[in-house]
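Undergrad: Next input, structure requested:
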Amino acid sequence: MKKLTVKGCMNERIDTVLYKFRSRMKSYPPGMCPISLYRSLLQISMNQSCGKCIPCRDGLVEVDRMLQSIMAGSADEHVVDDLRHLCRMIYQSSDCAVGISAAQLILDSLEQFADEYESHVKEHHCVNDVKQTIPCVTMCPAHVDVPGYIALIKEENYEGAIKKIRERNPFPTACAFVCEHPCEKRCRRAIIDDAINIRGLKKYAVDTVKADTVDNPKRNVSTSKKVSIIGSGPSGLTAAYYLALMGHCVTIYDEHEKPGGMLRYGIPEYRLPKEDLDRDIKAILSAGDIEFKGNTKIGRDISFEEIRKNSDAVYLGIGAQIGNRMPVDGANAKNVIPAADFLQLVSEGKMDSLEGKRVALIGGGNVAMDAARTAVRLKAETVHVFTRKRDDYTAVLEEIIGAMQEGVRFRTLLSFLNIEADNETDEVRAVWLQPEIVGEYDEYGMMTTEHSSNYPYRFKCDYLILAVGQSSDVEAFEKSGVPTERGRIRANEECMVSDMEGVFSGGDCVTGPSTAINAIAAGQVAAYNIDEYLGYHHKIRSDIEIPVALPNPCVPTARAEIEYKDPYERKDGFDFIELPMTYEEAMRESGRCLRCDHHGCGVLKGGRGDE
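TA: A predicted model of the protein is given here:
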């Protein structure tokens with residue numbers, strides 16, 4: 001009789017290996033050859049093949065050989081066509097998902113990276129000699145020297161760290177509080193344990209040394225060139241900062257009383273205290289010849305033509321602060337409000353209580369989470385968030401978890417139908433929602449849904465917040481001939497507005513609603529291109545010396561997370577909710593950095609990789 005054995009220990013060891021392998025895949029650095037990456041994924045499938053069917057058993061081996069010849073530069077032009085035909089055959093004739101999915105993987109690569117295959121066959125190298133870059137620097141839209149300022153923090157040079165950040169980003173404090181930290185997504189430290197807590201270290205630096213006490217780089221001599229900036233959000237203020245340091249005279253126009261844009265009027269106090277935001281803004285406005293003109297709306301208080309006439313260049317950084325409504329019956333009922341408008345009213349002190357109100361919210365992005373958590377702090381009786389798909393929850397995971405902890409309730413697979421309003425008072429009484437069921441994934445790998453056979457769902461509410469996108473106030477600019485498309489200003493990657501000499505634009509008014517760091521990156525790009533347009537080629541450097549990179553022992557060490565106040569404490573007001581890192585945590589966390597600017601990539605493969 002065959003003896004029974006317990007194999008749990010073996011399975012656990014395999015699970016551990018797979019977890020570490022996923023971490024390695026997650027930390028693939030930007031600039032990796034995509035054909036090399038897809039070949040690695042193919043080999044995973046090859047290892048899973050049971051060997052029963054020939055297409056999978058032998059066909060995948062042949063596919064791997066073809067990919068190897070393409071990467072080696074020994075393949076001719078017919079190999080790519082042969083590869084495509086072979087993968088189609090494997091896809092159509094394999095017995096199970098192992099062969100089918102592997103073949104589909106390579107077919108997808110042939111479509112998505114056709115230029116890479118062509119370059120490898122004809123030129124025998126990657127497109128434009130693609131090279132590995134420093135992951136955190138490349139993933140940061142503003143290309144901040146992350147390893148540099150982490151090394152300065154490790155040396156307890158917090159002032160130097162802030163100066164190093166300001167070379168690319170004049171909002172060290174604001175980003176330390178609210179940045180979505182895309183720099184952490186490909187952190188190579190994940191090969192060992194987990195990504196560096198980059199935002200946490202940045203926050204430790206600005207907590208230790210206040211940003212407005214750190215000197216800006218020395219300003220260039222005056223050029224007497226006049227640049228007008230319309231909009232004082234992160235994009236406009238960033239452009240103003242760098243242009244002023246270059247020596248240009250900058251005038252900022254904004255319809256609000258104070259500068260800051262969505263950082264001031266769209267992000268709640270519990271996430272970004274305005275006192276801390278003002279530290280960044282104070283430093284920016286002191287960078288050079290900058291004049292701020294608040295309560296000035298273009299088209300009402302001054303015309304765009306007049307601004308353009310009196311300027312050598314103009315930058316439009318008007319953001320996207322108008323909340324969208326939905327084209328359904330009852331959309332204009334009382335107590336139905338876009339999330340962006342709701343947050344602005346709260347920030348201006350024009351809405352102080354939702355006590356006893358049942359709040360419903362449509363949407364799952366960061367603005368939706370801000371609105372939901374703000375409603376909780378305004379004493380709403382209940383707050384429910386509805387989305388159609390799980391993919392609609394695009395907010396940072398920490399924000400979703402924080403909302404759950406504070407009592408926000410989430411429902412998904414419910415599509416929005418219409419709004420029911422009271423016939424007499426015209427106040428919202430309920431929203432009607434259609435139950436959905438999940439379907440196939442679309443071409444982008446996103447979930448699709450279709451109506452369920454269940455009846456529509458009536459949800460009673462006293463207040464409805466719509467977090468379904470935002471738009472830009474472009475009416476006055478359209479009348480002045482600024483080209484727009486679907487409510488956005490048309491500008492290229494250099495932030496130059498189409499067919500308008502000397503006019504530039506960037507940020508949310510060009511791309512649609514995005515993140516603060518993306519707006520900052522656009523303002524930086526615009527500033528340097530405006531400088532070139534004006535006939536200059538200024539460089540801004542802090543001359544901060546980066547500490548020497550020492551060998552890292554690569555000892556697995558847990559990541560130091562940012563701690564938060566107790567949910568029951570923090571939901572009772574708008575006080576800042578994060579707890580500061582301790583000195584010991586900051587030193588240990590900064591010591592986990594692998595210094596990829598010197599080790600592993602960047603030095604022998606094209607410099608620091610910050611472009």
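Undergrad: Strands of the stretch 301-450 of the chain, start to end?
TA: For the stretch 301-450 of the chain, the strands defined by DSSP state E, counting those that start in this stretch cover 313-316, 322-323, 336-338, 358-362, 382-386, 409-411, 414-421, 428-441, 447-451.
Undergrad: in its sheet, what does the first one sit against?
TA: When pairs are called by DSSP bridges, strand 313-316 turns out to pair with strand 226-230 (parallel), strand 503-505 (parallel).
Undergrad: If you count neighbours, what's buried in the strand or helix carrying I281?
TA: Following DSSP states H and E, one finds I281 within helix 274-285. Residues of helix 274-285 classed as buried by neighbour count (16 or more other Cβ atoms under 10 Å): K274, D276, L277, D278, R279, D280, I281, A283, I284, L285. Backbone N, C-alpha and C define where each C-beta goes, glycine included.
Undergrad: Show me the helices in the stretch 1-150 of the chain, by range?
TA: Here the stretch 1-150 of the chain has its helices, by DSSP state H, counting those that start in this stretch, at 8-26, 34-48, 54, 60-72, 77-93, 97-112, 114-122, 135-139, 146-154.
Undergrad: Can you name the element that comes right after the second one?
TA: Read in the C-terminal direction, the helix or strand following helix 34-48 is helix 54, with elements assigned using DSSP H and E.
Undergrad: hmm, back to that, run through the neighbouring helices and strands of the helix holding I281.
TA: Helix 274-285 sits against helix 172-178, helix 234-245, helix 262-265, with contacts defined as 3 or more Cβ pairs under 8 Å, 6 or more residues apart in numbering; DSSP states H and E.
Undergrad: In TSV, list these along with distance to F459, mean pLDDT and mean neighbour count.
TA: Formatted as TSV, the helices and strands packed on helix 274-285 follow (distance: least, Cβ to Cβ, whole Å; pLDDT from 0 to 100; neighbours: other Cβ atoms under 10 Å):
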stretch	distance to F459	mean pLDDT	mean neighbour count
helix 172-178	31	97	26
helix 234-245	36	98	30
helix 262-265	29	96	23
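Undergrad: what's the closest of those to V63?
TA: Taking Cβ to Cβ, helix 172-178 is the member of the helices and strands packed on helix 274-285 nearest to V63, at 44.1 Å.
Undergrad: Just the C-alphas of that closest one, formatted as CSV.
TA: This file holds the C-alpha atoms of helix 172-178, laid out as CSV (Å, rounded to 0.1, in the frame of the first residue of the first chain):
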residue,chain,number,x,y,z
PRO,A,172,9.2,69.4,-0.7
THR,A,173,6.6,69.8,2.1
ALA,A,174,3.4,69.4,0.1
CYS,A,175,4.7,66.3,-1.7
ALA,A,176,6.0,64.9,1.6
PHE,A,177,2.4,65.0,2.8
VAL,A,178,0.2,64.1,-0.3
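Undergrad: who touches the nearest residue to S101 once chain neighbours are set aside in this structure?
TA: Leaving out its chain neighbours, the residue that sits closest to S101 by Cβ to Cβ, 6 or more residues apart in numbering is S45, at 6.6 Å. By Cβ atoms under 8 Å, 6 or more residues apart in numbering, the residues touching S45 are L60, V98, G99, S101, A102, L105.
Undergrad: Nearest to Y253, out of the buried residues of helix 274-285: which one, please.
TA: Relative to Y253, and with distances defined as Cβ to Cβ, the nearest of the buried residues of helix 274-285 is L285, at 14.1 Å.
Undergrad: what's the spacing between the closest one and R279?
TA: Going from L285 to R279 by Cβ to Cβ, to the nearest Å gives 11 Å.
Undergrad: Name only those of the contacts of S45 that count as buried.
TA: Among the contacts of S45, the ones that count as buried (16+ other Cβ under 10 Å) are L60, V98, G99, A102, L105.
Undergrad: right, and the third one touches G51 too?
TA: No: applying Cβ atoms under 8 Å as the test, G99 and G51 come out as separate, 10.9 Å apart.
Undergrad: what about the closest residue to P141 other than its chain neighbours, how many residues close to it?
TA: The shortest distance from P141 to any non-neighbouring residue, by Cβ to Cβ, 6+ apart, is to A521 (3.7 Å). Neighbour count for A521, taken as other Cβ atoms under 10 Å: 24.
Undergrad: and A521, what element?
TA: Following DSSP H and E, one finds A521 within helix 516-533.
Undergrad: Now do that helix against helix 234-245, angle only.
TA: Angle of helix 516-533 versus helix 234-245, following axes from the mean of the first three to the mean of the last three Cα atoms, to 10 degrees, is 40 degrees.
Undergrad: Identify whichever of the helices and strands packed on helix 274-285 lies nearest to A333.
TA: Of all those, helix 262-265 comes closest under Cβ to Cβ, at 24.3 Å.
Undergrad: Can you give the distance of the closest one from its chain's centre?
TA: Between the centre of helix 262-265 and the centre of its chain there are 17 Å (Cα atoms, centre = their mean, to the nearest Å).
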